[in-house]
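Visitor: Give me a 3D structure for the following:
(chains A and B)
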Amino acid sequence: MTNKHPLDFEKPLVEIEKKIEDIKNSMPDGAPATDELKKLRRKAAKVKKDIFAKLTPYQVTQVARHRDRPYALDYIEAVFDDFVELHGDRLFGDDPAIVGGLARLDGEPVMVIGQQKGRTTKEKLFRNFGMPNPEGYRKALRLMHLAERSKIPVITLIDTPGAYPGIGAEERGQAEAIARNLREMAVLNTPIVSVVIGEGGSGGALALGVADRVMMLTYSTYSVISPEGCAAILYKDAAKADVAAKALKITAPDLAEMGFVDAVIEEPMGGAHTDPDKAARNLKASVLEALADIRTDSLGIVKNRYEKFRKLGSFAEDAE
Amino acid sequence: MVWFRKKKVSSTDPNDRSLKVPEGLWVKCANCGEIIYKKEVERNLNVCPKCDYHFRISARSRLAVILDEGSFIEHDEGLIASDPLEFKDLKKYKERLKSSQKKTGLSDAFVSGVGAIDSKKVSIGVFEFAFMGGSMGAVVGEKITRVLERGAEAGIPALVISSSGGARMQEGIHSLMQMAKTSAAIARLRELGVPYISILTDPTTGGVTASFAMLGDIIIAEPRALIGFAGPRVIEQTIGEKLPEGFQRAEYLLEHGMIDMIVDRKTMKRTLSRVISMLSGT
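Guide: Numbering: from 1, shown residues only, chains lettered A, B, ... in the order given. The predicted model follows:
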């Protein structure tokens, strides 16, 4: 599949793909592939593999933010059936940056909740670039409590640059909304599976991420601060984002290795946007597996989840 | 050609009559700008006698203001940051830790243990803002969690006094997850019916506000303390306009229903004592 909006580091690939297109266009329809074409295709595959095998963490960030990357509603459409979207926090409003509702996963009812970005300018503004306001987090929590009472699992799809830093958000208690979600998710008595599908932006991501299983797509990121933010504050130079991205260890493999992520869901080479169906199939299989796995937890869901988060974070301890 | 030249007054000139503040004797109020005799400020619990601004004070000074004299027993002093990411920006994280340790005499940005308020036992922890801006890494998160767990085990109220810029970036995801860890510990405390009191002082922002700090059964702030999720500069940059006067100050949060009360330093201990007493049914 061709990549409509290639990233800077994909240039070598773009050139080969363009040649392939040119040759194909010059050939009559239905003509068998020439040797040259076959060779170019093999070369394209190899170049792609080379590029994606050694993406820098900041390049991964760019793939995670790719304009064509599948968003929460794309996965909801592809992975789940019979989605019934539910709206509003019953307190203030409905936040389009978080979508949620009932759906069926392989026939079983679940509550699916995700941060939603927009693709066109109009949609981006409507979804506030995937940056939720407090009412988004409060809607999510309302749906999670409903899932708990209905004894159905919760699946969250994380994809946000962060919670929105605005006047209204502060006024209505952005910090309190996030904090409450963290506390309530910790004791929610129903299975929770979280998948970071794009950007896992700090507390605004974690507010949907206190789960029994936390998984990430290969080219997604999860971080305490954006590489740009970290570069501006610690390196005093926003252009050092690539250095900051590396230092922060924000990629799925790094986070899995450190034990913060339970599984990395394999993404198509080139990014989920180059083969959204495959990405969705992989995501579905992993979520189903995780749900089956959680059901076998012997100690009880809430106790296990507490233990899981209780352990997180490394420090040293001298004997007193 | 310059006809008149202003004579430059060198700072060592003995005739220099411009205002000099002898090191350590006088302090300038960060709020009203008044130059005040330091001893007078200290006598006033580090509150400006002119404008009631509450100076940022050390963790130990805070404990002294709130707890019965000699009642504090420190716990978890042995917790030390392990630099899990081997982080280096303009400086190595290890060096930043060392210089903060030297400056404050503390191992990290949090002092915790048990103590008594008017003879009522409490599990308590206090941030040290002078230690890397009171940022929360794995050590701070662990200490807070233990404050909450000690409260749960002993059935005594848990108190956390916050003063923090938020998560400690140098620990990356390790610091982010402290938000979840501490909040989960609060969920357990609630189930046991043990009260948790959160005291917010200037400043309390970021991941600290968005976790345990805003989860108090009772939330008390010091006057004029800056309290928010995002820092004012980030918000200004995002929305591209100036923030209204008093935005994100304690008084603003009280008005918007986010905190229970604003209590000044002089009456903090007495207020805590009354609240704890009644919450424990006595």
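Visitor: On the three-state scheme, whichever residue of the stretch 201-320 of chain A sits closest to chain B is what?
Guide: Proximity of the stretch 201-320 of chain A to chain B (C-beta to the nearest C-beta) peaks at A:Gly313, 3.3 Å away. (C-beta placed from N, C-alpha, C; glycine too.) Secondary structure, DSSP: H, G, I helix; E, B strand; the rest coil: A:Gly313 is coil.
Visitor: A:Arg138: what's it in contact with?
Guide: Taking C-beta atoms under 8 Å, 6 or more residues apart in numbering or on different chains as the criterion, A:Arg138 is in contact with A:Asp89, A:Leu91, A:Phe92, A:Ala177, A:Arg180.
Visitor: change it to 7 Å
Guide: A:Asp89, A:Leu91, A:Ala177 (C-beta atoms under 7 Å, 6 or more residues apart in numbering or on different chains).
Visitor: Next, the buried residues of the helix or strand hosting the last one.
Guide: Under the assignment given by DSSP states H and E, the secondary-structure element containing A:Ala177 is helix A:174-186. Applying a neighbour-count criterion of 16 or more other C-beta atoms under 10 Å in any protein chain shown, one finds A:174-186 buried in helix A:174-186.
Visitor: wait, A:Ala245 sits on A:Pro227?
Guide: Yes: when contacts are counted by C-beta atoms under 7 Å, A:Ala245 is listed as touching A:Pro227 (3.8 Å).
Visitor: can you list residues touching both of these two?
Guide: By the contact definition C-beta under 7 Å, 6+ apart, A:Ala245 and A:Pro227 are jointly contacted by A:Tyr58, A:Thr61.
Visitor: before we move on, the earlier item: convert the helix holding A:Ala177 to PDB, retaining C-alpha atoms only.
Guide: Included here for helix A:174-186 are C-alpha records, laid out as PDB according to Å, rounded to 0.1, in the frame of the first residue of the first chain:
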ATOM      1  CA  GLN A 174      -8.700  19.000  35.200                       C
ATOM      2  CA  ALA A 175      -6.400  17.800  37.900                       C
ATOM      3  CA  GLU A 176      -9.200  16.400  40.000                       C
ATOM      4  CA  ALA A 177     -10.800  14.700  37.100                       C
ATOM      5  CA  ILE A 178      -7.600  12.900  36.200                       C
ATOM      6  CA  ALA A 179      -6.800  12.000  39.800                       C
ATOM      7  CA  ARG A 180     -10.300  10.600  40.400                       C
ATOM      8  CA  ASN A 181     -10.000   8.300  37.400                       C
ATOM      9  CA  LEU A 182      -6.600   7.000  38.600                       C
ATOM     10  CA  ARG A 183      -8.200   6.300  42.000                       C
ATOM     11  CA  GLU A 184     -11.400   4.700  40.700                       C
ATOM     12  CA  MET A 185      -9.700   2.700  38.000                       C
ATOM     13  CA  ALA A 186      -7.500   1.200  40.700                       C
END
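Visitor: Okay, buried residues for stretch A:99-117 please.
Guide: Neighbour-count burial for stretch A:99-117 flags A:99-103, A:105, A:110-117 (criterion: 16+ other C-beta under 10 Å).
Visitor: do stretch A:293-306 and chain B meet at all?
Guide: Yes: counting by C-beta under 7 Å from any C-beta of the partner chain, contacts between stretch A:293-306 and chain B involve A:Tyr306.
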